[in-house]
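Asks: I'll drop the sequence and a predicted model, then ask my questions.
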Amino acid sequence: NSRGTASQLKDSISFTDISASGLFEGHDLLRRGFTSVKNELLPSHPLELTEKNFQLNQDKTNFATLRNIQGIHAPLKLQMEFRAVKQVQRLPFLHSSNMAMDILRGNDECIGFEDILNDPSQSEVMGEPHMMMEHKLGLL
């Protein structure tokens with residue numbers, strides 16, 4: 001009977017649930033913060049979704065305006081340039097300023113919140129380079 005229970009237990013645990021640290025890995029509070037089911041289900045404020053999609057909405061508006069003024073070729077050319085700039089990336093554990101994307105959007109001469117208070121050298125969270133590369137390559 002104990003053999004049957006052991007085989008059922010073995011069948012119920014999938015290999016995807018086992019991480020590099022083991023099956024009973026605790027929640028890393030320093031890296032992931034406090035867990036809250038409510039925050040995962042609903043936005044905390046009605047304007048949160050609008051703020052998350054602000055850049056996307058602004059890009060859509062700019063593309064529509066550009067299409068009305070210059071024709072269909074202008075937003076298509078700009079979208080191809082955006083796509084080309086997004087493909088050029090640094091390693092995942094190195095900070096990237098995305099200067100080329102700021103130049104295309106016209107934000108290179110603007111000073112915003114993220115320019116002052118989003119300094120990666122002052123960040124409390126630093127990832128491990130090998131683990132981050134393995135995650136990006138799909139090895140973890």
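Replies: Now that the structure is in, tell me what you want to look at. Because the structure is predicted, anything quoted here is derived from the model rather than measured. Numbers count the residues shown, from 1 in each chain.
Asks: Distance of F54 relative to P46?
Replies: 14 Å (CB to CB, to the nearest Å). Yep, even glycine has a C-beta here, placed from its N, CA and C like the rest.
Asks: Specify which residue of those two has the higher count of neighbours.
Replies: Neighbours were tallied for F54 and for P46 using other CB atoms under 10 Å; the higher tally belongs to F54 (11 against 7).
Asks: Just want the phi and psi numbers for that one.
Replies: phi -60, psi -50 (degrees, to the nearest 10).
Asks: try S96
Replies: Backbone torsions for S96, taken as degrees, to the nearest 10, come to phi -120, psi 130.
Asks: can you check L47 too?
Replies: Backbone geometry at L47, expressed as degrees, to the nearest 10, gives phi -90, psi 0.
Asks: Local confidence estimate at it?
Replies: Each residue has a pLDDT score; the one for L47 is 85.
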